[in-house]
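Asks: Turn this into a model:
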Amino acid sequence: MLHLVRHASAGDRRAWQGDDSARPLDPIGHAQAEAIATTLAPSPIQRILSSPSIRCTQTIEPLATKLGLEIEISAELAEGADGWRTEALVERLSGEAGHSVLCSHGDVIPEVLWRLAFRGVDVNPTRCKKASIWELHVTDGAISHGIYRAPRTFGASVEDLS
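Replies: Predicted coordinates:
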């Protein structure tokens with residue numbers, strides 16, 4: 001199984017000064033990251049991959065710590081990444097044994113989901129809130145369907161999670 005995680009809440013992009021890839025999680029995002037770790041830790045996860053953006057690595061650091069795994073930085077998961085390269089990464093990982101977690105952005109995950117839906121995989125590519133998890137189930141080395149897990153909000157407003 002692959003777990004596609006959208007990074008947790010990182011405040012308002014417009015209010016951040018500096019390189020957006022350095023924008024960290026806000027307090028709500030840290031709580032969401034802990035909730036993601038609690039949700040995914042019981043799974044037999046063997047690999048954790050992340051966009052290079054700080055908000056993505058911070059989102060899955062609690063999970064990596066709980067499982068004693070290293071976070072692998074992947075340019076294919078970066079904001080604005082080429083959809084073909086991201087799709088190829090997802091396909092490669094779906095052929096591996098065990099579960100993998102991929103943390104990325106609100107432009108990358110829907111692109112992957114649209115590509116899967118186009119191929120007939122049962123997913124709804126319109127759902128991808130911050131701190132959400134898409135479980136992509138794999139059968140015989142191919143993604144068969146996806147299940148959307150909505151984020152825990154911890155008092156966040158709807159705008160914070162979009």
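Asks: How about residues contacting stretch 7-27?
Replies: Outside stretch 7-27, the residues that touch it by CB atoms under 8 Å, 6 or more residues apart in numbering are 28-30, 32-33, 36, 51-56, 58-59, 78-79, 103-105, 130-131, 151, 156, 160-161. (C-beta placed from N, C-alpha, C; glycine too.)
Asks: And the strands in this structure?
Replies: Taking DSSP state E, the strands of the chain run over residues 2-6, 45-50, 71-73, 99-104, 133-139, 142-149.
Asks: Make JSON lines out of the ones you listed and add distance to Val112 and mean neighbour count.
Replies: Compiled in JSON lines, the strands of the chain are given as follows (distance: least, CB to CB, whole Å; neighbours: other CB atoms under 10 Å):
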{"stretch": "strand 2-6", "distance to Val112": "7", "mean neighbour count": "25"}
{"stretch": "strand 45-50", "distance to Val112": "13", "mean neighbour count": "20"}
{"stretch": "strand 71-73", "distance to Val112": "17", "mean neighbour count": "15"}
{"stretch": "strand 99-104", "distance to Val112": "8", "mean neighbour count": "26"}
{"stretch": "strand 133-139", "distance to Val112": "9", "mean neighbour count": "18"}
{"stretch": "strand 142-149", "distance to Val112": "10", "mean neighbour count": "16"}
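Asks: Quick check: Leu25 vs Met1, distance?
Replies: 25 Å (CB to CB, to the nearest Å).
Asks: err, Val138, not the other one
Replies: Taking CB to CB, one finds Val138 at 6 Å from Met1.
Asks: quick revisit: so Leu25 and Met1 - more neighbours on which side?
Replies: The residue with more neighbours, out of Leu25 and Met1, is Leu25; 24 against 17, by other CB atoms under 10 Å.
Asks: need the contact list for the residue lying closest to that one once chain neighbours are set aside.
Replies: Counting by CB to CB, 6 or more residues apart in numbering, Leu25 lies nearest to Gln58, which is 4.6 Å off, once chain neighbours are set aside. Contact analysis of Gln58 by CB under 8 Å, 6+ apart lists 7-8, 24-25, 29-30, 33.
Asks: Just the buried ones out of those residues, please.
Replies: Buried by 16 or more other CB atoms under 10 Å: 7-8, 25, 29-30, 33, out of the contacts of Gln58.
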